[in-house]
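> Quick one, structure for this:
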Amino acid sequence: MTGIADPERMTTLLGALEEYRTARSTLLESLGLPQSNRDPLAGFSEALVQTLLGGTLAANPVQADYDLILPDGAKVQVRYLANGAGPWVNEHRVYVIDDVPYYALVIFEAFRVAGVLVFPTARLAVIGAALGKKHPRTDEQLQLTRRTWQTIRDDTAQFHGLGMRIWLRDPSQRLLVGTGNPASTPAATDADRDPTAPSGI
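Okay, the predicted model is just below:
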């Protein structure tokens, strides 16, 4: 068979792919990343968390265990969770990693950043208890579902008190807003940082 069953559809598909290729290339360039087949949302998430917390990205973007080193030397694992605008089909397991005290999770809904959560992993059991988690080994892991996300999003003050850092997307602006994050944490936005405060989460 040498013909094309649906040439119009083929033209549409190839045109859409070219638009995606161009947009993907622009995103990678803005992140300072080389053109590669690596998932661009992973690189974007790492760069985004760096803009929030400061520090230095790991030299090897695909190394295990951590992605960011804070100014005080503490390491941060960065991951993302992507879902559509409606019910979630994907969930995420936040877990303890030796010598990596913080776990950052960027949450996408319909390819928009809905928020960023930074968990102090030494306090997962306490955070899990506040969320009513019943799954095993809550001191080592926390299963983040849509309900979990909504609970944290809707009661940020409680989870700040447990040591979390939280940023939520402001629907009226193209930025994330730190929702009462302590001034003593690193690289808070100009709006919520005390310039005399020490670094360190």
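
> Give me the buried stretch members for the top helix by length along the chain, please.
Longest among the helix segments of the chain by residue count, using DSSP state H, is helix 7-30. By neighbour count on 16 or more other Cβ atoms under 10 Å, the buried set for helix 7-30 is Leu28. From N, CA and C alone the C-beta is placed, and that goes for glycine too.

> Give me the mean pLDDT for that helix.
Taken as a whole, helix 7-30 carries a mean pLDDT of 91.

> What pLDDT is listed against Ser199?
Predicted confidence (pLDDT) at Ser199: the value is 35.

> Also Asp65?
pLDDT for Asp65: 88.

> before we move on, what about Ser184?
Note on Ser184: pLDDT of 42.

> One more: the one 10 residues further on?
We note a pLDDT of 31 for Asp194 in this prediction.

> Need phi/psi at the closest residue to Asp139 other than its chain neighbours.
The spatially closest residue to Asp139, leaving aside those adjacent along the chain, is Ala125, at 4.1 Å (Cβ to Cβ, 6 or more residues apart in numbering). When read as degrees, to the nearest 10, the backbone of Ala125 gives phi -60, psi -40.

> pLDDT (mean, whole number) over stretch 145-155?
What stretch 145-155 shows for mean pLDDT is 96.

> wait, doesn't the residue nearest to Asp139 sit right on Thr138?
Yes. Assessed by Cβ atoms under 8 Å, Ala125 is found in contact with Thr138 at 4.9 Å.

> between those two, what contacts are shared?
Counting by Cβ atoms under 8 Å, 6 or more residues apart in numbering, no residue touches both Ala125 and Thr138.

> In the protein, mark out all the helices, start to finish.
For the chain, helices defined by DSSP H occupy the ranges 7-30, 40-53, 124-130, 146-154, 156-160.
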